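In: sequence? don't have it. structure:
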């Protein structure tokens, strides 16, 4: 059974730091491109960051660069999102995503999300 379980969310003050984790099971984690998305109330889901199977990181928006980074530990089947100096506009539910294409098929899995609230 495929599972992606995010954790580490909660309340954080602006300028603080937060690390989210996404524990994967039920599939070959190292073979999947992993991403983070977020969705704020009343807004569409937004891409945050992606890390490839070889560790190449792409951060979605210039406004996020320098504040967000992602990493993976294939030995632990875990994806991480580190946020430094969060802003109130970073408040959202954060989701991890696993994606792989093989044999003409796309395998696409989502976690249930974890709430991050940035507020003083």
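Out: Arrived safely. The structure presented is a predicted model; accordingly, all values stated were derived computationally and were not measured.

In: biggest strand in the chain by residues?
Out: Looking across the chain with DSSP state E, the single longest strand is strand 92-102.

In: Give the helix, strand or coil label for the most centrally placed residue in the chain.
Out: Geometric centre of the chain, nearest residue: residue 36, 2.6 Å, by C-alpha atoms, centre = their mean. What DSSP: H, G, I helix; E, B strand; the rest coil gives for residue 36 is strand.

In: ok, now which ones touch residue 99?
Out: For residue 99, the contacting residues are 32-35, 106-109, by C-beta atoms under 8 Å, 6 or more residues apart in numbering. Where C-beta positions appear, they are placed from N, C-alpha and C, glycine not excepted.

In: Now list the buried members of these.
Out: Neighbour counting by 16 or more other C-beta atoms under 10 Å classes 32-35, 109 among the contacts of residue 99 as buried.

In: Show me which of the residues you listed is closest to residue 11.
Out: Distance to residue 11 across the buried ones among the contacts of residue 99 (C-beta to C-beta) is lowest for residue 35, with 24.2 Å.

In: hang on, the closest one packs against residue 96?
Out: Yes: assessed by C-beta atoms under 8 Å, residue 35 is found in contact with residue 96 at 7.1 Å.
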